[in-house]
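S.K.: Show me the folded form of this:
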Amino acid sequence: MLFDNAVWEEEETAKNSVVKFFSCEKVPESYLFSVILQSLRRSRREFLQPSTGSDSVMNWIILIVAGFCEVGFTYCLGRAKSVEGLAWWGWIVGFLVFTVISMGLLAKATQSLPIGTSYAVWTGIGAVGTVLVGILFFHEPATFWRLFFIFTLISSIIGLKIVS
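M.R.: Residues are numbered from 1 along each chain as shown. As a prediction, this is how the structure comes out:
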């Protein structure tokens, strides 16, 4: 059952309040406040409701793979800068393939994980991976501050995983 009776009653109460409000009927402010409060409580309950264990773990794995695919498409983009002709088209096709896979996996992961956390982790993995690929393959500088902020980004990703 998608909604239990309490949630169904809250939905009906909220709908009736909106209808009364827009039909210009006089509605006491305390009543509107209580409806808004009930709606917020329901939203909080739905947000805090955990997903199933194995489904959640699988979606975290999918999200991590999506982040690595983001690193893959930035690598292809970096390689495409240094070639011409048919090789350029090959790297661009690789870029497009990794982009589609990465976005598709991100969309799949967000079906059970919070969108804000998923997007932050996905971009974080992509950012850290892209900086590391830049340092290792494209000979970008590895300064103290650059590595320090990469470490703080990794710490933030781990923190989001812990609290989600």
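S.K.: Give the buried residues for stretch 58-67.
M.R.: By neighbour count with 16 or more other Cβ atoms under 10 Å, stretch 58-67 contains the buried residues 59-60, 62-67. All C-beta spots, glycine's among them, are computed from the backbone N, C-alpha and C.
S.K.: do the same with stretch 76-92
M.R.: Buried residues in stretch 76-92, defined by neighbour count with 16+ other Cβ under 10 Å: 76-80, 91.
S.K.: Please identify which two of the residues you listed are farthest apart in space.
M.R.: Gly78 and Trp91 (8.7 Å; Cβ to Cβ).
S.K.: what stretches of the chain score poorly on pLDDT?
M.R.: For the chain, the stretches flagged by pLDDT under 70 are 1-54.
S.K.: Longest helix in it, please.
M.R.: Here the longest helix in the chain is taken by residue count, with DSSP state H as the criterion, and it is helix 53-80.
S.K.: Now do that helix: which elements does it pack against?
M.R.: Here helix 53-80 touches helix 86-109, helix 115-137, going by 3 or more Cβ pairs under 8 Å, 6 or more residues apart in numbering; DSSP states H and E.
S.K.: will you turn those into JSON lines that also has distance to Ile157?
M.R.: Listed next are these as JSON lines, based on distance: least, Cβ to Cβ, whole Å:
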{"stretch": "helix 86-109", "distance to Ile157": "14"}
{"stretch": "helix 115-137", "distance to Ile157": "4"}
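S.K.: Thr143 is nearest to which of those helices?
M.R.: Distance to Thr143, taken as Cβ to Cβ, is lowest for helix 115-137 among the helices and strands packed on helix 53-80, at 9.9 Å.
S.K.: now the residue lying closest to Thr130 once chain neighbours are set aside: how far from Ala127?
M.R.: Once flanking residues are discounted, Thr130 sits nearest to Thr74: 4.4 Å by Cβ to Cβ, 6 or more residues apart in numbering. Separation of Thr74 from Ala127 (Cβ to Cβ, to the nearest Å) stands at 9 Å.
S.K.: What is the three-state secondary structure of Val83?
M.R.: Taken by DSSP: H, G, I helix; E, B strand; the rest coil, the conformation at Val83 corresponds to coil.
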